[in-house]
Structure formats: structure tokens, C-alpha cells
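Asks: using only what follows, build the 3D model:
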Amino acid sequence: MVDGLAERADKIRKKQVSPECDNMLAVTNDGRKLALDQRLMNDMLPDDPNSKVNECVKNVYKIWEDTTPEKSTQLIFCDREAMCCCK
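Replies: All right, here's what the predicted structure looks like:
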């Protein structure tokens, strides 16, 4: 998948693709999604129990367990989302 990002960037630099169809901002965004969880790029991939997202879930759950008596609140933000694009 990382090689695919490099190939896309190369095509963009060589002006082999229309900026409306693919651009460096889209490649960078896809790279950030890939670094977070590969399933954001391919939802057919298996769940990795040690992915960053799953490690976050484990941590959030532990905090919830530890703070249940206090009825604490957690806020979780993630500005990454899957997007469709033409390639």
C-alpha cells in the first residue's frame, strides 16, 4: 500500500493524472489513514488486534473501568475518515 502511495505521487509529479482525480493532498491524506489503520484504505483487510485503533480502544476501556465509581467522562476525537476518490 505504501508503494502505491509512492506510485501515485510519482504520477502526480509527472502530470500523468488530473489534479481533480488525484493530488498530493489526497496522497498525504491516504498516507495518514494508512498509518492509523490499513482498514481505512481497504475494509476487506483483517482486524489487527494490535493496531493503533485497537490499542486506543483497550486504553479507553481500561480508563472506563478504573473510573466507573467516579462516573467520569471521556472524549475521543479522530479527524481521520475513509473517503472515496477516483484512481
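Asks: okay, now residue 21: neighbour count?
Replies: 12 (other C-beta atoms under 10 Å). Heads up, the C-betas are built off the backbone N, CA and C, glycines and all.
Asks: that one sits in which helix or strand?
Replies: Element membership for residue 21, per DSSP states H and E: none, as it lies in no helix or strand.
Asks: and what of residue 31?
Replies: Going by DSSP H and E, residue 31 is part of helix 24-36.
Asks: how much space between the residue of the chain most remote from its centre and residue 59?
Replies: Most distant residue from the mean C-alpha position of the chain: residue 69, 33.5 Å away (C-alpha atoms, centre = their mean). Noted for residue 69: a distance of 19 Å to residue 59, by C-beta to C-beta, to the nearest Å.
Asks: just residue 34 next, same as before
Replies: Counting by C-beta to C-beta, the gap from residue 34 to residue 59 is 22 Å.
Asks: then residue 48?
Replies: Counting by C-beta to C-beta, the gap from residue 48 to residue 59 is 16 Å.
Asks: with residue 25 instead?
Replies: For residue 25, the distance to residue 59 (C-beta to C-beta) stands at 31 Å.
Asks: same question for residue 29.
Replies: Distance from residue 29 to residue 59, by C-beta to C-beta: 25 Å.
Asks: quick one, which of these two is more surrounded?
Replies: Higher neighbour count among residue 29 and residue 59: residue 29, with 15 against 12, using other C-beta under 10 Å.
Asks: residue 64 touches residue 74, doesn't it?
Replies: Yes. Counting by C-beta atoms under 8 Å, residue 64 does reach residue 74; the two are 6.8 Å apart.
Asks: let me see the confidence value for the residue nearest to residue 33 when sequence neighbours are not counted.
Replies: Spatial nearest neighbour of residue 33, chain neighbours left out: residue 40 (4.0 Å); criterion: C-beta to C-beta, 6 or more residues apart in numbering. We have a pLDDT of 87 for residue 40.
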